[in-house]
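Peer 1: Structure of the sequence below:
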Amino acid sequence: MHNGIQGVWTIIVLALSIAGIVIYFLAGFLSNRKGHLQPWPIYRYILWTLGILAATVPVIGPLAEWAHTNFTAHMLGHLLLGMLAPLLLVLSAPVTLVLRTLPVRQARFIANFLKSFPISVLSNPIIASILNIGGLWLLYTTNLYHVMHHNLLVYLLIHFHVFAAGYLFTAAMIYIDPTPHRFSYLYRSIALVFALGAHAILSKYIYAHPPIGVPTHEAEAGGMLMYYGGDAIDLVLIFILMLHWYRSAAPRQALAKFETV
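Peer 2: Sure thing, here's the model as predicted:
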């Protein structure tokens, strides 16, 4: 990336990141002033801030520079931008905060948008998995990874897709924010298992078949990082999904036990 363009890009990303954090904190403050029974939790501010940082580090600064010439660094950026940042941001419940903060009319508009047909399609765990994992297969098994480092527009579009698809995938698996189009725990669990399997297979494929222009030792290190680093983040996602499933079933189990006594 040319130095002039890189400078402009850095300023834009920093401005967006700072604005995102400031707006979230301001929304939390305004929400609390509305007199809700429960103030907006402190831990959600922390999760949002960490999520913004995790999404920012891979696209500007030393890691972003290193990722242009080192595949292992690129893969670390992929884990931060496409997996960790989306998980942290989803857990910070931004849609819930927006609905708490906005006036009733605007909040209803957002709620109606979430109920729309396009959102119902995108929030389907299978569709979200295809957009997320399928995009990664396309990136690393074609010459797209090589092209990305020689075309600024492709570079920007791929990074946006990695983040957006990662967020969509995470939000489709665990319901933190209001979700009008809900799918069963079993359906989401099956979709998650196949998605994680496809992600693991891709990491092994990268290990054995380096993307175009990637040295073998970097592909091996990047594949291992993708495999084990992805597993660490996926374990959190699995734990939350299973915890929600357990909590949803616990009252019925308790009632059934009471009725048999």
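
Peer 1: what sits up against stretch 120-140?
Peer 2: Contact with stretch 120-140 is made by 78, 82, 144-145, 148, 158, 161-162, 165-166, 168-169, 171-173, 179-181, 183, 187-188, 191-192, 194-195, 198-199, 202, 205-206, 211, as judged by CB atoms under 8 Å, 6 or more residues apart in numbering. No exception for glycine: its C-beta is placed from N, CA and C like everyone else's.

Peer 1: and those residues, which are buried?
Peer 2: Among the contacts of stretch 120-140, those buried by neighbour count (16 or more other CB atoms under 10 Å) are 78, 82, 144-145, 148, 158, 161-162, 165-166, 168-169, 171-173, 183, 188, 191-192, 195, 198-199, 202, 205-206, 211.

Peer 1: where do the strands sit along this protein?
Peer 2: Counting by DSSP state E, the chain has no strands at all.

Peer 1: what residue is smack in the middle of it?
Peer 2: residue 86 (2.3 Å; CA atoms, centre = their mean).

Peer 1: what's the distance between the residue found closest to residue 168 once you drop the neighbours it is linked to in the chain and residue 45?
Peer 2: In space, and not counting its chain neighbours, residue 168 is closest to residue 128: 4.8 Å by CB to CB, 6 or more residues apart in numbering. Residue 128 sits 26 Å away from residue 45, going by CB to CB, to the nearest Å.

Peer 1: and those two? which has more neighbours close in?
Peer 2: residue 128 (24 against 16; other CB atoms under 10 Å).

Peer 1: Does anything pack onto the helix ranked longest in the chain? Which helices or strands?
Peer 2: Ranked by number of residues, the top helix in the chain under DSSP state H is helix 216-260. Counting contacts by 3 or more CB pairs under 8 Å, 6 or more residues apart in numbering; DSSP states H and E, helix 216-260 is packed against helix 71-79, helix 85-91, helix 152-173, helix 185-208.

Peer 1: Pull the residues that contact the last one.
Peer 2: Just to be clear, that refers to helix 185-208. Contacts for helix 185-208 (CB under 8 Å, 6+ apart): 125-126, 128-129, 132-133, 136-137, 140-141, 169, 172-173, 219-220, 222-224, 226-227, 230-231, 234, 237-238, 241, 244-245, 248.

Peer 1: redo that, cut-off 7 Å
Peer 2: 125-126, 129, 132-133, 136-137, 140-141, 173, 219-220, 222-224, 226-227, 230, 234, 241, 245, 248 (CB atoms under 7 Å, 6 or more residues apart in numbering).

Peer 1: Of these, keep whichever come out buried.
Peer 2: 125, 129, 132-133, 136, 140, 173, 219-220, 222-224, 226-227, 230, 234, 241.

Peer 1: Which one, of the helices and strands packed on helix 216-260, ends up nearest to residue 10?
Peer 2: Residue 10 lies closest, by CB to CB, to one member of those: helix 152-173, at 13.3 Å.

Peer 1: Identify the residue nearest residue 113 in space, chain neighbours excluded?
Peer 2: The shortest distance from residue 113 to any non-neighbouring residue, by CB to CB, 6+ apart, is to residue 119 (6.9 Å).

Peer 1: same deal with residue 83?
Peer 2: Counting by CB to CB, 6+ apart, residue 83 lies nearest to residue 233, which is 4.6 Å off, once chain neighbours are set aside.

Peer 1: repeat for residue 96
Peer 2: Using CB to CB, 6+ apart and skipping the chain neighbours, the partner closest in space to residue 96 is residue 177 (5.1 Å).

Peer 1: Could you work out the end-to-end span of stretch 88-100 for me?
Peer 2: 20 Å (CA to CA, to the nearest Å).

Peer 1: This completes my enquiry, with thanks.
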